[in-house]
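A.B. asks: Here is a sequence together with a model predicted from it:
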Amino acid sequence: MTNLTSTVIRLKLSLLRGGLRQSPGRRAAFLASAVVALLFALLQLLGLVALRGHAHAEAVAVPGTAVLALGWAVMPLFFPSGDETLDPTRLVMLPLRPRPLVRALLAASLVGIGPLFTLLVLVGCVVSVAHGAAAYAFSVVAVALALLVCVALARAVAAANVRLLTSRKGRDLAVLSGLVIAVGGQLVNFGARQLGSAGLGQLQPAADVLSWVPPASAVGAVRAASEGSYGIAAGQLALSVAALAGLVVVWARSLTRLMTSPDASTLQTADTGARDRSSAGLGRLLPGGRTGTVMDRTLRYIWRDPKTKAAWVTSLAIGLIVPVFNAVQGTGSLYFACFAAGMLGIQMYNQFGQDTSAFWMVALSISSARDAYAELRGRALALLVITLPYAALVTVVTTALLGDWARLPEVLGLSLALLGAMLATGAWTSARFPYSIPQEGHKNVAPGQAGLAWISIFGGMVAAALLCSPVITATIWLNVSADGDAWSWLLLPVGAAYGAAITWLGLRLAAPRTASRLPEILTAVSKG
């Protein structure tokens, strides 16, 4: 057992050293992230120690421990490649039994920046609520228990979902990490504002409940020991011990199942008939001819291609977060709803880059400007299937939060005009400034093409704003005129008509350029 534990720990250290030796960039990124994480942990530690003696120190320490455990639970789902030892199937060919392997992997899990970060924060949590020798004695056990529960929780979640995490669906799940970070950042910002005005006492009811939920119950036990309630403290520690034992049992069962059952991904279980029926069902909802085919292909790219899906998820999230959270915080404007149309309109830029070298098949089907127009029109219509209802939804939600229903038509009309202008400029820049999107790694632009990406996106955004200036001017004029409110509803049909017209004009102008630059486009998008 001891030899296996030490071997697994040395294996993790070897994996870490091997990863750092791959490239100077990866080594620099690791060191920078480690320094930032440790500095943040030390700041958290100092802040929690400063709360010592505060009436509501428990209201921060107990929920903080629960948030740490939640982070350990979801991290393997969104970042499955962050730790190679999270995948126990790599050890399936070795003669190892689950129980010794569980102990070895649990010990190896304590090595790394994450466990050190968690340890520092947990120490701060218990120090902020500990008073007296008995409480400090409980603190030693509480910190160890809470750390082990966090690590075991991450391992149990990873083992239970390892088949998913190593599949294409698992890689797609990692795309949602950007959404979680964006929403989480806004929630933290909103919560900080509320606590700044209402005080830490608002967290006390949550802390009272979480003090009986492992591993936060371990910190609650320290607080109870400080007050002399040793029986309650022992019970709360027992809850954490029971949670740790339960997680280890679940983890061991998952390991046993993984070590003894075949991988379903190697079995021929594909139902081609079901896929054909699904494809036929989707095709019935789309127009016929080339337009429907292009729309079908574009929508499937959005759903299946990881890079394209990541861009869409990010745009959808930010397009909703910015106006809604500003409205909730009381600092927003109804015109922030146009942000959704702007973020989604960006998806029209570099349309051919998502095809990569497979663009040659599209190029073979284009023999004239008319074919190019049909191709661009199908891609634009596929985007409108998502962007139109979503932009309208964000506008309505923002209006409901602000209660300014009188301005809904003009803001919605402005959003539609902006969306049309971005579709027009996106079609033109896709033909004039195409660039490749690497399929591997985190970069969205191939080396040497960053300038093309900047020109395409930011130049197109400026051009879209200029194209949308007539509707913007009309909106400003109606808002400053005396009787403008009576006519502001006209901006909805005017904006919709202007957006449709400018989109049609942009596609018409981009089609001849696309047809004449097919070799150049193929060369540009094939570099990744």
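C.D. replies: Here it is on my side, so go on.
A.B. asks: wait, what's in contact with the nearest residue to Gly319 once chain neighbours are set aside?
C.D. replies: Nearest residue to Gly319 in three dimensions, chain neighbours excluded: Ala340, at 3.5 Å (CB to CB, 6 or more residues apart in numbering). C-beta here means a position set from N, CA and C on the backbone, and glycine is covered the same way. Going by CB atoms under 8 Å, 6 or more residues apart in numbering, Ala340 touches Gly319, Leu320, Pro323, Tyr390, Ala391, Val394, Thr395, Ser415.
A.B. asks: Which members of these are the farthest-apart pair?
C.D. replies: Across the contacts of Ala340, the longest distance by CB to CB is 13.2 Å; it joins Leu320 and Ser415.
A.B. asks: So those two - more neighbours on which side?
C.D. replies: Using other CB atoms under 10 Å, the more surrounded residue of Leu320 and Ser415 is Ser415, with 30 against 21.
A.B. asks: and that one, what helix or strand is that in?
C.D. replies: Element membership for Ser415 (DSSP states H and E) is helix 408-432.
A.B. asks: Same check on Leu145?
C.D. replies: Judged by DSSP H and E, Leu145 forms part of helix 133-160.
A.B. asks: buried stuff in the biggest helix by length in the chain?
C.D. replies: Identified as the longest helix of the chain according to DSSP state H is helix 369-402. For helix 369-402, burial by neighbour count (16 or more other CB atoms under 10 Å) applies to 369, 371-384, 386-388, 390-392, 394-395, 397-399, 401-402.
A.B. asks: Show me this structure divided up by domain.
C.D. replies: For the chain, the structural domains run 2-262, 278-525, going by automatic domain parsing.
A.B. asks: how about those in JSON lines, adding mean pLDDT?
C.D. replies: Putting the domains of the chain into JSON lines (pLDDT from 0 to 100) gives the following:
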{"stretch": "domain 2-262", "mean pLDDT": "80"}
{"stretch": "domain 278-525", "mean pLDDT": "85"}
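A.B. asks: all helices for the stretch 201-350 of the chain, in order.
C.D. replies: 204-210, 216-226, 230-260, 272-284, 289-304, 306-328, 338-345 (DSSP state H, counting those that start in this stretch).
A.B. asks: what does the helix or strand just after the helix holding Ser415 rub up against?
C.D. replies: Going down the chain from helix 408-432, the next helix or strand is helix 450-454, by DSSP H and E. Defining contact as CB under 8 Å, 6+ apart, one finds that helix 450-454 is touched by Asn350, Phe433, Pro434, Tyr435, Asn444, Val445, Ala524.
A.B. asks: hmm, 7 Å instead?
C.D. replies: With CB atoms under 7 Å, 6 or more residues apart in numbering as the test, helix 450-454 has contacts from Phe433, Tyr435, Val445.
A.B. asks: about what we covered before: now do the helix holding Leu145 against helix 216-226, angle only.
C.D. replies: Orientation check (axes from the mean of the first three to the mean of the last three CA atoms, to 10 degrees): helix 133-160 against helix 216-226 gives 170 degrees.
A.B. asks: list the helices and strands helix 133-160 packs on?
C.D. replies: helix 58-78, helix 98-109, helix 113-129, helix 216-226, helix 230-260 (3 or more CB pairs under 7 Å, 6 or more residues apart in numbering; DSSP states H and E).
A.B. asks: got the buried residues for it?
C.D. replies: For helix 133-160, using 16+ other CB under 10 Å, the buried residues are 135, 138-139, 141-143, 145-160.
A.B. asks: got a list of contacts for stretch 510-522?
C.D. replies: Residues external to stretch 510-522 that are found in contact with it (CB under 7 Å, 6+ apart): 352, 359-360, 363, 366, 368-369, 371-373, 376, 427-428, 431-432, 434.
A.B. asks: among those residues, which two are most distant?
C.D. replies: Farthest apart among the contacts of stretch 510-522 by CB to CB are Trp360 and Trp428. That separation is 22.0 Å.
A.B. asks: Which residue is the nearest non-sequential neighbour of Ala34?
C.D. replies: Nearest non-adjacent residue to Ala34, counting by CB to CB, 6+ apart: Ile113, 5.1 Å away.
A.B. asks: Do I have it right that that neighbour meets Val35?
C.D. replies: No - under the criterion of CB atoms under 7 Å, Ile113 is not in contact with Val35, lying 9.8 Å apart.
A.B. asks: These two: which is more packed in?
C.D. replies: Taking other CB under 10 Å, Ile113 and Val35 do not tie; Ile113 has more neighbours (16 against 11).
A.B. asks: Distance check, Leu402 against Asn326.
C.D. replies: 10 Å (CB to CB, to the nearest Å).
A.B. asks: Then Thr308?
C.D. replies: Distance, Thr308 to Asn326, by CB to CB: 28 Å.
A.B. asks: Run a quick neighbour tally on Gly288.
C.D. replies: Gly288 has 8 neighbours, counted by other CB under 10 Å.
A.B. asks: what angle sits between the helix holding Leu145 and helix 113-129?
C.D. replies: Using the same axes, to 10 degrees, helix 133-160 lies at 150 degrees relative to helix 113-129.
A.B. asks: Give me the contact list for stretch 463-477.
C.D. replies: 345, 410, 413-414, 417-418, 421-422, 424-425, 491, 494-495, 498, 502.
A.B. asks: In ChimeraX, how would I select the buried members of the residues you listed?
C.D. replies: For the buried members of the contacts of stretch 463-477, the matching ChimeraX selection, counting by 16+ other CB under 10 Å, is:
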select :345,410,413,414,417,418,421,422,424,425,491,494,495,498,502
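A.B. asks: from the contacts of stretch 463-477, which two are the most distant?
C.D. replies: Across the contacts of stretch 463-477 (CB to CB), the longest gap, 22.6 Å, separates Glu410 and Thr425.
A.B. asks: before we move on, back to that, how far off centre is the helix holding Ser415?
C.D. replies: Centre-to-centre, helix 408-432 and its host chain are 26 Å apart (CA atoms, centre = their mean, to the nearest Å).
A.B. asks: Also stretch 99-119?
C.D. replies: 26 Å.
A.B. asks: That stretch spans what distance, first to last residue?
C.D. replies: Start-to-end span of stretch 99-119 (CA to CA, to the nearest Å) is 25 Å.
A.B. asks: Can you name the residues in contact with that stretch?
C.D. replies: Outside stretch 99-119, the residues touching it (CB under 7 Å, 6+ apart) are 1, 4-5, 8-9, 12-13, 34, 37-38, 41, 68, 85, 147, 150-152, 155, 248, 251-252, 255.
A.B. asks: Buried residues, it. List them.
C.D. replies: 101-115, 117-119.
A.B. asks: try stretch 478-497
C.D. replies: Within stretch 478-497, the residues scored as buried using 16+ other CB under 10 Å are Leu478, Gly484, Ser488, Trp489, Leu491, Leu492, Val494, Gly495, Ala496.
A.B. asks: Quick check: end-to-end length of that stretch?
C.D. replies: This stretch, stretch 478-497, spans 18 Å end to end (CA to CA).
A.B. asks: Name the residues that touch that stretch?
C.D. replies: Ala406, Arg407, Pro409, Glu410, Leu412, Gly413, Leu414, Leu416, Ala417, Val471, Ala474, Thr475.
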